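A.B. asks: Build me a model from this:
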Amino acid sequence: MAYDELETNPPAPETSGNGDTRRMRGSNHVGMRQFNERIVLQAIRHHGAIAKADLARMTHLSSQTVAIIVGRLFDDGLLLKQDRVRGRIGQPSVPLSLNPQGAYSIGVQLGRRSLQLVVVDFCGAMVERLDYRYEYPDPDLLIPQIVQGLDTLQQRLGEAWSRVVGIGLAAPLFLHQWADVLGGQAAQALARWEHVDLHARVQAHTELPVDFAKDTTAACVAELLQGHGQSVSSFLYIYAGTFIGGALVLAGHIMGGERGNAGAIGSLPVALGQGSDLSQPGRPLQLLQMASGWQLEQSLLQAGHDPLLLHHPSIMDSAYAAYTEPWLAQSASALAMTITSAAALLDLDAVVLDGALAPPLMQALLERTQAGLTNYAFDGMYQPQLLMGHIGSYARALGGALLPLHSQFFPDKDIFLKRDTV
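C.D. replies: As a prediction, this is how the structure comes out:
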């Protein structure tokens, strides 16, 4: 059931002023039952195992209301009782926690070089995953692969499949664009995506509800809910993969924009003094042409090396320095310019850098970008922290899987996705 269908004008969750939704306030009105269930689940998710009395104080619900809600959630298999806590004044308390097996959700990430399918439990932990790699995304091959992957996950989950609540689908908004960058047969396959409604095609093969989000937005969802978003209120999220992209969080909410494409930093023009797009003379290069994994991948390929090395820690061996060093210098310079521009416009607390590339390569990119920021003056504005993301290569698939869980069970669905902008 969608959050929008629950009650008319439910009270907004109380925050601490910096986007933190941990201080939750409910309502004792009988018409708010389903909203209050979500408030209780949210409180337990944020605070961990907690007694009913503490839940009542935290949510400002009556003890009787909490007892009724907890009983209902137990009946639905969503909560577990932990060992009694003794040694305090009064009766021993029984902490309540989320039941990891209470519900499951599936995340599907379709990218320009990889397809990932994951299953997460009710606590957001991955319990199953499938990986596929390819040279370019061909819709005629990948949509059947998604269907087959869902069948495989259903077989693996067995009876637990009945507790799967939905599918979160993450993909670039414009898969057919930048075909000229990939070239060759890839360009022909990418062009076919222009007429493919991926959301509808996947929904046609499953009875589960399918949510869709831009891939970098989905990755940002994972960081917001399970990473730096728990302590940082406003940040620019940058994801480095085959193409680099981003998303934007302000005051604890992901900004989708009118067309769901806010934070699309891959399209930012950079390097005005360093050359222009050869296919468009005089037009400045975009960030994705300067700081994507694709450029390093092509350098490795042209030298006779496995292009997948950029996903392996050995990419930082001295034997590959002739390829990694120029890429790091170019990418860090472009990222430093992007971050400075974003900081001037948005007044950010931090910039979070994550990606699908090898962790040592990502660390080197962060350090080079940090050094590149010293070339810019931050007079009159705040210089945001530059932080390494917590999630890594599965961020897009994990974020996709979190969408159905939070839209169905927690009161802050709109914290990361406006459905009317997809």
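A.B. asks: mind listing the strands for the stretch 251-400 of the chain?
C.D. replies: Ranges of strands within the stretch 251-400 of the chain are 253-254, 350-355, 385-388, based on DSSP state E, counting those that start in this stretch.
A.B. asks: So in that sheet, which strands flank the first one, and in what orientation?
C.D. replies: Read that as strand 253-254. Strand 253-254 sits in its sheet next to strand 244-250 (antiparallel), going by DSSP bridges.
A.B. asks: that older thread, please convert the strands of the stretch 251-400 of the chain to a markdown table, extending it with mean neighbour count, distance to residue 247 and mean pLDDT.
C.D. replies: Using the backbone N, CA and C atoms, a C-beta is placed for each residue, glycine as well. Output for these, formatted as a markdown table (neighbours: other C-beta atoms under 10 Å; distance: least, C-beta to C-beta, whole Å; pLDDT from 0 to 100):
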| stretch | mean neighbour count | distance to residue 247 | mean pLDDT |
| --- | --- | --- | --- |
| strand 253-254 | 22 | 6 | 90 |
| strand 350-355 | 25 | 10 | 98 |
| strand 385-388 | 17 | 15 | 98 |
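A.B. asks: Pull out the buried positions in stretch 388-408.
C.D. replies: Residues of stretch 388-408 classed as buried by neighbour count (16 or more other C-beta atoms under 10 Å): 388-389, 391-408.
A.B. asks: Could you do stretch 219-234 as well?
C.D. replies: Buried, per 16+ other C-beta under 10 Å, within stretch 219-234: 219-230, 232-234.
A.B. asks: now the helices for the chain?
C.D. replies: With DSSP state H as the criterion, the chain has helices at 33-47, 52-59, 63-75, 139-157, 179-182, 184-192, 198-203, 215-226, 287-291, 293-302, 321-346, 359-372, 395-409.
A.B. asks: now the angle from the fourth one to helix 184-192?
C.D. replies: For helix 139-157 against helix 184-192, the angle between stretch directions is 80 degrees (axes from the mean of the first three to the mean of the last three C-alpha atoms, to 10 degrees).
A.B. asks: how near is residue 139 to residue 406?
C.D. replies: Distance, residue 139 to residue 406, using C-beta to C-beta, to the nearest Å: 29 Å.
A.B. asks: And for residue 284?
C.D. replies: Applying C-beta to C-beta to residue 284 and residue 406 gives a distance of 39 Å.
A.B. asks: swap in residue 254?
C.D. replies: From residue 254 to residue 406 the distance is 12 Å (C-beta to C-beta).
A.B. asks: Show me the residue at the heart of the chain, geometrically.
C.D. replies: Geometric centre of the chain, nearest residue: residue 219, 2.1 Å, by C-alpha atoms, centre = their mean.
A.B. asks: Which pLDDT value does the model give that residue?
C.D. replies: Model confidence at residue 219, given as pLDDT, is 96.
A.B. asks: Could you do the one 10 residues further on as well?
C.D. replies: On the pLDDT scale, residue 229 is placed at 92.
A.B. asks: Could you do residue 94 as well?
C.D. replies: 88.
A.B. asks: surely residue 376 meets residue 338?
C.D. replies: No - Residue 376 lies out of contact with residue 338 (C-beta atoms under 8 Å); the separation is 10.8 Å.
A.B. asks: circling back: was I right to think the residue nearest to the centre of the chain contacts residue 390?
C.D. replies: No - assessed by C-beta under 8 Å, residue 219 is found out of contact with residue 390, at 11.2 Å.
A.B. asks: Now the common contact residues for these two.
C.D. replies: Residues touching both residue 219 and residue 390 by C-beta atoms under 8 Å, 6 or more residues apart in numbering: residue 354.
A.B. asks: and residue 388, how far is that from residue 43?
C.D. replies: For residue 388, the distance to residue 43 - C-beta to C-beta - is 29 Å.
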